[in-house]
Every structure is written in C-alpha cells, then in structure tokens.
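A.B. asks: Kindly return the folded structure for what I paste below:
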Amino acid sequence: MKKYGAWISGVAAGIINGLFGAGGGMVLLPLLDKTTDLEGKEVFANCVAIILPISLVSAVVYFLRGGSFAMQSIPYLIGGALGGVIAGLLLKKMKAKWLHRALGLFIIWGGIRLVMR
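C.D. replies: Below is the predicted model of the structure:
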C-alpha cells in the first residue's frame, strides 16, 4: 500500500475537493499519515502544498462549466492568504499531536453544523 499511498491519497483528496469545494485536506491528512512514510508535520505541510493545485484544478473545471465566482472570491482570498501566512508561522511551533487534535475538533464541529442544517 505504501507504494501507491501518495497516488491513492491524491485521487481521494481531488475527488472530495472537487465534489464539495473543500475537504480534500481532511481526507488527505489521514491517508498520507497511514499510506506514506511521512511523519508529523511533514504530513500537514504536504497537505497544504497538495491542496492548492487540487483547488486550482477544481476551480478551472468549475469555471469552464459555466461557473462565475472570481470577483466574489477576492475578499476570501485576501483573508485566506493572511491566514496561510499566520498558520505557516505557527506550524513550526506546534506539535503534530496538537495539530491532529485541532483538526479532529474542526472536523467534528463542521460535521455537527452540516447535520443540524
């Protein structure tokens, strides 16, 4: 499984990200953790590096199929870029164990919100 772990993880993240517009990283993180030899913060850093191109591909496909979103997304992109810089600086200071716990709580919170809609 380790031989194909990165490829399988990428395909799964791409499908989830493409279908839902987000969430690829939530799938990618545990898959990379289980199916590759990456450790701790390497898993998180690789997720960030992988999700950007996956999101760009999803955005291009959406746009080519008639979606219009570019102007509406600019304020979110500016805030997202600032948040990305802050998170990148914090990543060096946090232990992988706490990153996993924080992500788990975030996933639970998001899941509860979706179920309660």
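A.B. asks: who touches the longest helix belonging to the chain?
C.D. replies: Assignment by DSSP state H gives helix 40-64 as the longest helix of the chain. With contacts defined as C-beta atoms under 8 Å, 6 or more residues apart in numbering, helix 40-64 is touched by 10, 13-14, 17-18, 21, 24-25, 28-29, 32-33, 36, 38, 69-70, 84, 88, 91, 95-96, 99. Placement of C-beta: from N, CA and C, glycine included.
A.B. asks: And the residue of the chain most remote from its centre, how close does it get to residue 98?
C.D. replies: Distance from the centre of the chain peaks at residue 66, with 24.4 Å (C-alpha atoms, centre = their mean). Computed with C-beta to C-beta, to the nearest Å, the distance linking residue 66 and residue 98 is 42 Å.
A.B. asks: Show me the residue sitting in the middle of this structure in space.
C.D. replies: Of all residues in the chain, the one closest to the mean position by C-alpha atoms, centre = their mean is residue 25, 2.5 Å from it.
A.B. asks: just how off-centre is the helix or strand hosting it within its chain?
C.D. replies: Secondary structure assigned from DSSP states H and E places residue 25 in helix 24-35. Here helix 24-35 is found 9 Å from its chain centre; the criterion is C-alpha atoms, centre = their mean, to the nearest Å.
A.B. asks: Surely the residue nearest to the centre of the chain touches residue 13?
C.D. replies: Yes - in this structure residue 25 lies within contact range of residue 13 using C-beta atoms under 8 Å: 6.9 Å.
A.B. asks: same question for the longest helix of the chain, mean pLDDT?
C.D. replies: Computed over helix 40-64, the mean pLDDT rounds to 81.
A.B. asks: For stretch 45-59, C-alpha coordinates in CSV please.
C.D. replies: C-alpha atoms of stretch 45-59 as CSV (Å, rounded to 0.1, in the frame of the first residue of the first chain):
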residue,chain,number,x,y,z
ALA,A,45,2.9,20.6,5.2
ASN,A,46,2.4,18.2,2.3
CYS,A,47,-1.4,18.6,2.6
VAL,A,48,-1.1,22.3,2.3
ALA,A,49,1.2,22.0,-0.7
ILE,A,50,-1.1,19.5,-2.4
ILE,A,51,-4.4,21.2,-1.8
LEU,A,52,-3.5,24.4,-3.6
PRO,A,53,-3.1,22.8,-7.0
ILE,A,54,-6.0,20.5,-6.4
SER,A,55,-8.2,23.5,-5.6
LEU,A,56,-6.9,25.4,-8.7
VAL,A,57,-7.9,22.4,-10.9
SER,A,58,-11.3,22.2,-9.3
ALA,A,59,-11.8,26.0,-9.9
